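>>> Turn this into a structure:
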Amino acid sequence: MASKMPHVKFANGCECPILGLGTWKSKPGEVVQAVKDAIDIGYRHIDCAFLYGNEPEVGAAIGDKIKEGVVKREELFITSKLWNTFHRPDLVKGALMRTLKNLNLEYLDLYLMHWPQAYKEDGDWLFPTDESGKIQFSDVDYVDTWKAMEHLVGEGLVRSIGISNFNSKQVERLLKSATVKPVVNQVECHPYLNQKRLQEFCEARGIKLTAYSPLGSPDRPWAKPGEPQLMDDPKLKAIADRLGKTVAQVLIRYQIERGNIVIPKSVTKSRIQSNYQVLDFQLSAEDMQLIDTFDCNGRVLPMPSAAGHKYHPFENEEF
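Now for the predicted structure:
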C-alpha cells in the first residue's frame, strides 16, 4: 500500500511522499497509537515539531514499528521544526539534537524553520512573556538562523531544510543569501486560503508548498461560535456526495491535484485510514476551478501573539 503513494521531488533530488500525517494538537497520550495506525495503514511521512510537545511519543511509535519490521527507517520521511526561541545561531544545532533524541533518530529527512520571527531565548520557556503577558521578542535575523541550519545538512543530521509560514518577501530575501536553498515552504493552505500566488511564487523558485490545516483546522481551540467551518461548506459537500467521498478526502485530493504536499492531522484510526484513501479518484477541472473560487483570505492561524514583530509574516505581506 505504501508504495502507491505519489512522491514529490525536491530541487535537491530528495523525494517526499505527497501525503503525510500531521501531529499538531495530537495529545501525547493519543499520538503513539495514531502514528502506529498511520504506519500500518501505509503512511510513510510524519510531520512533527518541537513545539507540539509530543516528539518523544511519536519517536516511540516509529521505533516500535521499525522493531516490528513493519517499516525500515529509510522508508520513512520524518519532518520536524526549529522553534522560535532557538533562532540564535549558536542554539540551532542543540535544538535539532534535542529533537533527534526525542524522536530517537539519527537524522531528519526535513528540518523546517517553524516561523520567521524569533522569540527571546529563555531555556525551555517556549512563549517567553513579560509581566503583562506579551510575548518577548528576539531580534535574531532569520537569515542568520538559516545559515546555522545549512551546516546541519553538511553534517548529515538532516537531508533537507526548509521554511514554514514565510511570506513571499521573506522567501525572496532568504534566497538572496542562502547557500542551501529551502526545498519547502510549509504554510496554512485550504480552499478558504488557497495560497495560489504564494504557490506559484515558490514553485518558480524551486520550492514546494506543504499544506498544513488542509481541512481548515476544525478543532482549533480559538475558533469562535458562528465562524464558517470549511468541512461544513455545502458546495464541498455536494462535490463529495457526487463522488461518493468524504469532504476531508476531497480537501486532501484538492492539494494533491495542485502538486502540494498535504499533512492532515487526526488521532482517530478510521479518519487516518479514510484520509489515506485519496488515490482512487480525481477532481475534474471544473471541480478544481469551483473550489479555487472559495478563497477569501480565510486564515485560521493568524499568530496574533507575534503581532508587532518586525518579521511577523502576515503583517505587511504581499502574499
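>>> Would you map the strands across this protein?
Using DSSP state E, the strands found in the chain span residues 7-9, 15-17, 21-22, 45-47, 77-82, 108-113, 158-164, 184-188, 208-212, 261-262.
>>> Columns mean pLDDT on top of those, output as TSV?
As requested, the strands of the chain are arranged in TSV below (pLDDT from 0 to 100):
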stretch	mean pLDDT
strand 7-9	98
strand 15-17	98
strand 21-22	96
strand 45-47	98
strand 77-82	98
strand 108-113	98
strand 158-164	98
strand 184-188	98
strand 208-212	98
strand 261-262	98
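>>> now for the ones you listed, which one comes closest to residue 219?
Residue 219 sits nearest to strand 21-22 of all the strands of the chain, at 11.5 Å, using C-beta to C-beta. (Each C-beta comes from the backbone N, C-alpha and C, glycine too.)
>>> Can you list the neighbours in contact with the closest one?
34-35, 38, 43, 45-47, 212, 263-266, 272 (C-beta atoms under 8 Å, 6 or more residues apart in numbering).
>>> where does the chain have low pLDDT?
Filtered on pLDDT under 70, the chain yields the residue ranges 1-3.
>>> circling back: would you mind saying which of the strands of the chain lies nearest residue 319?
strand 184-188 (10.4 Å).
>>> Which strands and helices lie in contact with that closest one?
Secondary-structure packing of strand 184-188 (3 or more C-beta pairs under 8 Å, 6 or more residues apart in numbering; DSSP states H and E): strand 108-113, strand 158-164, helix 196-204, strand 208-212.
>>> Dump those to TSV, plus distance to residue 21 and mean neighbour count.
Listed next are the helices and strands packed on strand 184-188 as TSV, based on distance: least, C-beta to C-beta, whole Å; neighbours: other C-beta atoms under 10 Å:
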stretch	distance to residue 21	mean neighbour count
strand 108-113	14	25
strand 158-164	17	24
helix 196-204	22	16
strand 208-212	12	24
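>>> is it possible to export those to CSV including distance to residue 239?
Shown next, in CSV, are the helices and strands packed on strand 184-188 (distance: least, C-beta to C-beta, whole Å):
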stretch, distance to residue 239
strand 108-113, 31
strand 158-164, 29
helix 196-204, 19
strand 208-212, 18
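>>> just so I know, which of the ones you listed lies nearest residue 290?
helix 196-204 (14.1 Å).
>>> export the closest one as PDB, just CAs?
Taking Å, rounded to 0.1, in the frame of the first residue of the first chain, the C-alpha atoms of helix 196-204 are listed here in PDB:
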ATOM      1  CA  LYS A 196      -2.300  30.300  -5.200                       C
ATOM      2  CA  ARG A 197       0.000  33.300  -5.600                       C
ATOM      3  CA  LEU A 198       2.500  32.100  -3.000                       C
ATOM      4  CA  GLN A 199       2.500  28.600  -4.500                       C
ATOM      5  CA  GLU A 200       3.300  30.000  -8.000                       C
ATOM      6  CA  PHE A 201       6.000  32.300  -6.500                       C
ATOM      7  CA  CYS A 202       7.600  29.400  -4.600                       C
ATOM      8  CA  GLU A 203       7.300  26.900  -7.500                       C
ATOM      9  CA  ALA A 204       9.100  29.300  -9.800                       C
END
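>>> and for that helix, what are the contacting residues?
Contacts for helix 196-204 (C-beta under 8 Å, 6+ apart): 167-168, 171, 185, 187, 189, 208-209, 258-260, 292, 295, 319.
>>> Check these and tell me the two furthest apart.
So, these by C-beta to C-beta: farthest apart are 171 and 292, at 22.0 Å.
>>> the more surrounded of those two?
Neighbours were counted for residue 171 and for residue 292 using other C-beta atoms under 10 Å; residue 171 has more, 20 against 13.
>>> any idea how far residue 204 is from the more buried one?
10 Å (C-beta to C-beta, to the nearest Å).
>>> Repeat that for residue 43.
To residue 204, residue 43 is 30 Å away according to C-beta to C-beta.
>>> Same question for residue 14.
Distance, residue 14 to residue 204, by C-beta to C-beta: 20 Å.
>>> Residue 86 too?
Between residue 86 and residue 204 the computed distance is 30 Å (C-beta to C-beta).
>>> go on, residue 238?
To residue 204, residue 238 is 34 Å away according to C-beta to C-beta.
>>> Relative to residue 243, which of the strands of the chain is closest?
Using C-beta to C-beta, the strands of the chain put strand 261-262 closest to residue 243, at 17.4 Å.
>>> Cool, thanks, signing off.
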